[in-house]
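S.K.: return atomic coordinates for the entry below.
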Amino acid sequence: MEKPTELIRGEIADYYLSEEGILFSYSKSIKRTVELIERNVVLVKEITGNKPVPLLIHLVNSPIPDKETQRFSKEKLPEIYSAMAMVSKPGLSAFIMKILFQFQKPPIPMQSFTDEQKALDWLKSLSVEQ
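M.R.: Okay, here's the model as predicted:
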């Protein structure tokens, strides 16, 4: 799927909510901070009507956030997302998963992909199961 032209612009990512209720996120290469994550959570809740939705995120290389930002991000995930499919070059999403969840399992279903269609199919399969 090509990147839509009508994106909702955010500080750490741009977003598109599909008719199917899947939120597409196009990450930006910026260092995440607690303040940026807080503002992003507010933006995502505005986009989704304050309801957790499946997320298909296109990852890019960005600086590793500090421990407090990592903790805060993990805490906020289930508030805004029901599942997360990460699309990136091989190895990038696995690296991010290792940083964020090396000692505990993710609070929502998460999977890494190098192909957007496979990521989309996985998210759709989860909604069928529920």
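
S.K.: Ile47 touches Ile8, doesn't it?
M.R.: Yes - under the criterion of Cβ atoms under 8 Å, Ile47 makes contact with Ile8 at 5.8 Å. All C-beta spots, glycine's among them, are computed from the backbone N, C-alpha and C.

S.K.: mutual contacts of the two, please.
M.R.: Common contact partners of Ile47 and Ile8 (Cβ atoms under 8 Å, 6 or more residues apart in numbering): Tyr15, Leu17.

S.K.: low pLDDT regions in this structure?
M.R.: Along the chain, segments meeting pLDDT under 70 span 1-4, 91-103, 128-130.

S.K.: how about Asp14: what's its closest non-neighbour residue?
M.R.: Leu7 (4.1 Å; Cβ to Cβ, 6 or more residues apart in numbering).

S.K.: OK, contacts around that neighbour?
M.R.: So Leu7 contacts Asp14, Tyr15, Tyr16, Tyr26 (Cβ under 8 Å, 6+ apart).

S.K.: dump those into a markdown table; add secondary structure, neighbour count and distance to Lys67 as well.
M.R.: Output for these, formatted as a markdown table (DSSP: H, G, I helix; E, B strand; the rest coil; neighbours: other Cβ atoms under 10 Å; distance: Cβ to Cβ, whole Å):
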| residue | secondary structure | neighbour count | distance to Lys67 |
| --- | --- | --- | --- |
| Asp14 | strand | 17 | 27 |
| Tyr15 | strand | 21 | 26 |
| Tyr16 | strand | 18 | 31 |
| Tyr26 | strand | 18 | 26 |
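
S.K.: alpha carbons only: can I get stretch 109-128 in PDB?
M.R.: Taking C-alpha atoms only, stretch 109-128 is exported to PDB below (Å, rounded to 0.1, in the frame of the first residue of the first chain):
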ATOM      1  CA  PRO A 109       0.000  -8.600  20.500                       C
ATOM      2  CA  MET A 110       3.100  -7.500  18.500                       C
ATOM      3  CA  GLN A 111       4.700  -8.900  15.400                       C
ATOM      4  CA  SER A 112       7.600  -7.800  13.200                       C
ATOM      5  CA  PHE A 113       7.400  -7.800   9.400                       C
ATOM      6  CA  THR A 114       9.400  -6.700   6.400                       C
ATOM      7  CA  ASP A 115       6.300  -6.700   4.200                       C
ATOM      8  CA  GLU A 116       3.400  -4.400   4.700                       C
ATOM      9  CA  GLN A 117       0.800  -6.800   3.200                       C
ATOM     10  CA  LYS A 118       1.800  -9.600   5.600                       C
ATOM     11  CA  ALA A 119       1.600  -7.200   8.500                       C
ATOM     12  CA  LEU A 120      -1.900  -6.100   7.400                       C
ATOM     13  CA  ASP A 121      -3.100  -9.700   7.000                       C
ATOM     14  CA  TRP A 122      -1.800 -10.500  10.500                       C
ATOM     15  CA  LEU A 123      -3.700  -7.500  12.000                       C
ATOM     16  CA  LYS A 124      -6.900  -8.500  10.200                       C
ATOM     17  CA  SER A 125      -6.500 -12.100  11.400                       C
ATOM     18  CA  LEU A 126      -6.500 -10.900  15.000                       C
ATOM     19  CA  SER A 127      -9.700  -8.900  14.600                       C
ATOM     20  CA  VAL A 128     -11.400 -12.100  13.200                       C
END
